[in-house]
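Asks: requesting a structural model of the entry that follows:
(2 chains, ligands or ions: 2)
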Amino acid sequence: MLKVENLSVSYGKIKAIDKINLEVNSGEIVVLIGANGAGKTTTLKAISGLVKCEVDSHIRLDLSMLTDKRTLNRFVGKKATDLLLKVYHSSEVAFEKINSNEDITKELFAKNSKLNQIKLKRIRKKYNYFVKADLLKVKAHRISSYGIAHVPEGRQVFANLTVQENLEMGAFKRHSRKKITEDLEKIYELFPRLKERKKQKAGTLSGGEQQMLAIARAMMSKPKIILLDEPSMGLAPIIVKEVFEIIKKLNESGITIVLVEQNAKLALSIADRGYVLETGKIILSGTGEELLNNENVKKAYLGS
Amino acid sequence: MWNNLYNGLINGLGMGSIYALIAIGYTMVYGIARMINFAHGEFITIGAFVSYGMASLIGANPITMIICIIASMLICAIVSIITEKLAYYPLRKRNTKRITALITAIGVSYIIYSLFNIQFQEIKSSPKFLNLSNTNLTILTIVITLVTVVLLTLFINKTKFGKAMRATSENPSAAKLMGINNDAMITLTFAIGAALAGLGAVVYCLRIPYFKFSVGSDAIGLIPFVAAVVGGIGSLPGAVIGGFIIGIIQQISVAFPETSPWTPAILYSILILILIIKPTGILGKSIGEKV
Ligand SMILES: Nc1ncnc2c1ncn2[C@@H]1O[C@H](COP(=O)(O)OP(=O)(O)OP(=O)(O)O)[C@@H](O)[C@H]1O
Ligand SMILES: [Mg+2]
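Replies: Ligands and ions are numbered 1, 2, ... in the order given. Next up, the predicted model:
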């Protein structure tokens, strides 16, 4: 669903990441491990548009980003969405059909004569613009509309905003107040401690609570993919366990996870796949289990 | 003696509420863009001339005053958006040092000043919208300022865009991740600040019989900036409190013939004194609430 190709980022003369390739499939937990300064944070920042990438870097999304009506809506507009769903029932099928370039007009005309070839072309163009486009060319503040949420390193909650306001900011790009309120309730169910503190300024929360808030805030944008940057940083083991439980729950609910962690053992134990970064390069990749059993990984990152 | 003090106080409250309106612009722009917009005072000039121009077209009475206020606020907002896009935004995009933006703002200030200097050399008499006693005028001015401050506070604290402005001001890169367009928030802040200066300009002209092209840069000058710093730059209530404090001290000093010539020296001494005692200003925090 997300493909990073040949990605390089430099800060001045320092090359932070150098031509890395990685792939994230729908529904996976993908873990990025590596020593301090390996370029993990930079990789996530590149995906969410916070740092400039070098030419020839690419970040692409594919059809599997389009799994619901809301996302489809965002990409082709409401009218076209309704029409396409009427005919094809699922947004993914709808787009696969359009994209395959077969003549689907007959099928569509049978249900609705309003959709002609020209409209179809326009939908396809919009689709290409949004989904085939390189995420690198998309401005950072638009990335969240593509179904990507980023929980940054060090949590970065808005300390002077209340817990609830932080969550509202997570839903900044959404419009239905009713749905936002519903989702707030769901979030509070999942994080009862945030509910107790909803009127409190986020800066007064404990580290663990702030991490929960940062994750909850990301969820408020209804993402398809969540990028998590060291969610266990500075937290007591028991809280770390809680955070990982939440991550598993999110993944079970269908959200794809890209997880950056220092705590390699724990992270790899929940990972479908993982990549090992070393001074800006991917030196190893494999399933979570493979990496856990790899001798080099054991030596360098698992402390055994 | 008591009479002087009374007049000084009344004028001080009147001028203070005008300074407060203008100081809000300095403080909000600083809070979100971390820059001192030294061109902010020119919006007084622009506002005064827009209101003068409108009034000479549609007449001067309480109803046209409202139209003139709206026109003045609107034009100031538009001009500020243009200057922001032309002068400050390109700097921000290139991540220049803060001093660059500061010098640019001073430059923008002189450009607007010169334009008015060339275009309007003669003195204009202020539109006579109202016929009020000094005390009533002061009450009206205070009411206008307080209503504006309450509305602005509600906007910043209760609306989606107000909250987004606070988010941007606190952590622009996290705000970006939420889908907030920081540049749009900064533009919005400039526009609001300029609109309030436009409002302040019309209200100020109610207090003075004449004005000319230098009304923003000389007559009002940097006093609202001083007020914002005294109140704690970045703090909205600070700007209001600072505005009133500076206004009252200035006008009481002016009311006595002995201290009148010393007024600027007194004002700036107090500025220095407050900053020595509390470097962040009365309500300023070193990190924190910045809108
Ligand atoms: N803003 C910056 N300016 C200059 N160099 C930077 C900047 N951010 C990161 N770097 C450098 O880029 C390299 C990669 O940094 P990055 O933050 O991506 O590492 P990381 O793997 O996330 O490390 P950590 O585990 O410590 O968080 C490091 O050498 C770092 O010094
Ligand atoms: Mg990092």
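
Asks: for A:Lys248, which non-adjacent residue is closest in space?
Replies: A:Ile270 (6.0 Å; CB to CB, 6 or more residues apart in numbering or on different chains). To be clear about C-beta, it is placed using only N, CA and C from the backbone, and glycine gets the same treatment.

Asks: dump the residue contacts of the one residue in the stretch 51-200 of chain B that gets nearest to ligand 1.
Replies: Residue nearest to ligand 1 within the stretch 51-200 of chain B (CB to the nearest ligand atom): B:Ser173, separated by 10.8 Å. Counting by CB atoms under 8 Å, 6 or more residues apart in numbering or on different chains, B:Ser173 makes contact with A:Leu50, A:Pro152, A:Gln156.

Asks: what is the nearest of those residues to ligand 1?
Replies: Taking CB to the nearest ligand atom as the measure, ligand 1 sits nearest to A:Leu50 out of the contacts of B:Ser173, at 9.9 Å.

Asks: check contacts around the closest one.
Replies: If you count contacts by CB under 8 Å, 6+ apart, then A:Leu50 has A:Ala140, A:His150, B:Ser173, B:Lys176, B:Leu177 around it.

Asks: where does it land in three-state SS?
Replies: Under the three-state scheme (DSSP: H, G, I helix; E, B strand; the rest coil), A:Leu50 adopts coil.

Asks: skipping adjacent residues, who's closest to the most centrally placed residue in chain A in space?
Replies: Per CA atoms, centre = their mean, the C-alpha nearest to the average position across chain A is that of A:Ile225, at 2.5 Å. Leaving aside its chain neighbours, A:Ile225 sits nearest to A:Thr256 (4.6 Å; criterion: CB to CB, 6+ apart).

Asks: tell me where the model's unsure across chain A.
Replies: A:66-67, A:101-118, A:128-133, A:304 (pLDDT under 70).

Asks: close enough to count as contact, B:Thr263 and B:Ala255?
Replies: No: applying CB atoms under 8 Å as the test, B:Thr263 and B:Ala255 come out as separate, 9.9 Å apart.

Asks: what about the two, which has more around it?
Replies: The residue with more neighbours, out of B:Thr263 and B:Ala255, is B:Ala255; 21 against 17, by other CB atoms under 10 Å in any protein chain shown.

Asks: not counting residues beside it along the chain, what's closest to that one?
Replies: B:Gly8 (3.3 Å).

Asks: A:Tyr188 too?
Replies: A:Lys195 (3.7 Å).

Asks: with B:Ser125 instead?
Replies: With CB to CB, 6+ apart, the residue lying closest to B:Ser125 is B:Tyr210, at 5.4 Å.

Asks: look up how far ligand 1 lies from the one you found.
Replies: Applying CB to the nearest ligand atom, to the nearest Å, the value for B:Tyr210 to ligand 1 is 54 Å.

Asks: for that residue, what are its contacts?
Replies: Listed by CB under 8 Å, 6+ apart, the contact set of B:Tyr210 reads B:Ile123, B:Lys124, B:Ser125, B:Ser126.

Asks: does the residue of the stretch 101-250 of chain A found nearest ligand 1 count as helix, strand or coil?
Replies: As assessed by CB to the nearest ligand atom, ligand 1 sits closest to A:Glu153 within the stretch 101-250 of chain A, at 5.9 Å. At A:Glu153 the chain is in coil, as set by three-state DSSP.

Asks: my guess is it contacts A:Leu228. True?
Replies: No: A:Glu153 is beyond contact range of A:Leu228, at 9.5 Å (criterion: CB under 8 Å).

Asks: settle it for me: which of these two has more neighbours?
Replies: Between A:Glu153 and A:Leu228, A:Leu228 has the larger neighbour count (other CB under 10 Å), namely 28 against 16.

Asks: right, and that one touches A:Ile215 too?
Replies: Yes: when contacts are counted by CB under 8 Å, A:Leu228 is listed as touching A:Ile215 (7.3 Å).

Asks: find residues that contact each of these two.
Replies: When contacts are counted by CB under 8 Å, 6+ apart, A:Leu228 and A:Ile215 have A:Val151, A:Ile247 as shared neighbours.

Asks: before we move on, back to that, so can I have CSV of the contacts of B:Tyr210 showing distance to ligand 2 and neighbour count?
Replies: Below are the contacts of B:Tyr210 laid out as CSV (distance: CB to the ion, whole Å; neighbours: other CB atoms under 10 Å in any protein chain shown):
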residue, distance to ligand 2, neighbour count
B:Ile123, 63, 10
B:Lys124, 60, 17
B:Ser125, 64, 11
B:Ser126, 60, 20
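
Asks: out of the residues you listed, who's nearest B:Val29?
Replies: Using CB to CB, B:Ser126 comes nearest to B:Val29 of the contacts of B:Tyr210, at 27.3 Å.

Asks: excluding covalently adjacent residues, which one is nearest to that closest one?
Replies: B:Cys205 (4.1 Å).

Asks: quick check: that neighbour is in a helix.
Replies: Yes: B:Cys205: assigned to a helix according to three-state DSSP.

Asks: wait, what's in contact with it?
Replies: Contact analysis of B:Cys205 by CB under 8 Å, 6+ apart lists B:Ala48, B:Ser51, B:Tyr52, B:Ser126, B:Pro127, B:Phe211.

Asks: same deal with B:Ala23?
Replies: Under the criterion of CB under 8 Å, 6+ apart, the contact list for B:Ala23 reads B:Pro224, B:Phe225, B:Ala227, B:Ala228, B:Gly231, B:Ala239, B:Val240, B:Gly242, B:Gly243.

Asks: measure the fifth one to ligand 2 for me?
Replies: Computed as CB to the ion, to the nearest Å, the B:Gly231 to ligand 2 distance reads 39 Å.
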